[in-house]
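1. what shape does this take:
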Amino acid sequence: MKKIKLDIISPGTILYEEFIEPLGITAYRLSKDIKVQQTAISQIIKGSRRITVDMALRFSKYFENSPQFWLNLQNFYDLELQTEKIESYIQDIIPFKKKESLPV
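-> Numbering: from 1, shown residues only. Now for the predicted structure:
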């Protein structure tokens, strides 16, 4: 069976499509309400800026969810991007325990 590869969705896309848009607020309003520059929110939405611990704490307070939710979105996104970049390099790595069983 062929594995289907889905596009990676950025945390900024989730922020916009699942929070900002349904709540009918703007990036400008969000930035003012959580006391950050509007460019920071716009950059997160565009995917050119990461969600930091500071931002995760602000989002979690504002949207009444956990900072772990935001950090997990960012970590999953980063992991998926990096895996795509280095997948061909790491496929030949032999796990340590399997090396022990190889003849010398």
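2. now do the SS call for the residue nearest the centre of the chain.
-> Centroid-nearest residue in the chain: residue 74, 2.1 Å away (criterion: C-alpha atoms, centre = their mean). Following DSSP: H, G, I helix; E, B strand; the rest coil, the label given to residue 74 is helix.
3. got it, and residue 80?
-> Residue 80 - assigned by three-state DSSP - is helix.
4. just give the nearest non-adjacent residue to it, would you?
-> Using C-beta to C-beta, 6 or more residues apart in numbering and skipping residues adjacent in sequence, the residue nearest residue 80 is residue 8, 4.7 Å away. Glycine gets a C-beta too; all of them are placed from N, C-alpha and C.
5. how deep is the one you found tucked in, by neighbour count?
-> By the criterion of other C-beta atoms under 10 Å, residue 8 has 15 neighbours.
6. so it is in contact with residue 82, correct?
-> No - when contacts are counted by C-beta atoms under 8 Å, residue 8 is not listed as touching residue 82 (10.7 Å).
7. and the residue nearest to the centre of the chain, what is it in contact with?
-> 11, 50, 51, 56 (C-beta atoms under 8 Å, 6 or more residues apart in numbering).
8. in space, what's closest to residue 49 - neighbours in sequence excluded?
-> residue 43 (3.5 Å).
9. confidence score at that neighbour?
-> For residue 43, the model assigns a pLDDT of 98.
10. checking it next. Helix, strand or coil?
-> What three-state DSSP gives for residue 43 is helix.
11. ok, it - how many residues close by?
-> 15.
12. just residue 88 next, same as before
-> By other C-beta under 10 Å, 8 other residues sit near residue 88.
13. how much space between it and residue 41?
-> Shown here: residue 88 relative to residue 41, a distance of 35 Å by C-beta to C-beta, to the nearest Å.
14. ok so, going back, from residue 80, how far out is the residue nearest to the centre of the chain?
-> 11 Å.
15. check residue 31 too.
-> 27 Å.
16. so which of these two has more stuff around it?
-> residue 31 (17 against 14).
17. state the distance from the nearest residue in space to the more buried one that is not next to it in sequence to residue 44.
-> Using C-beta to C-beta, 6+ apart and skipping the chain neighbours, the partner closest in space to residue 31 is residue 38 (4.1 Å). As for residue 38, its distance to residue 44 is 11 Å (criterion: C-beta to C-beta).
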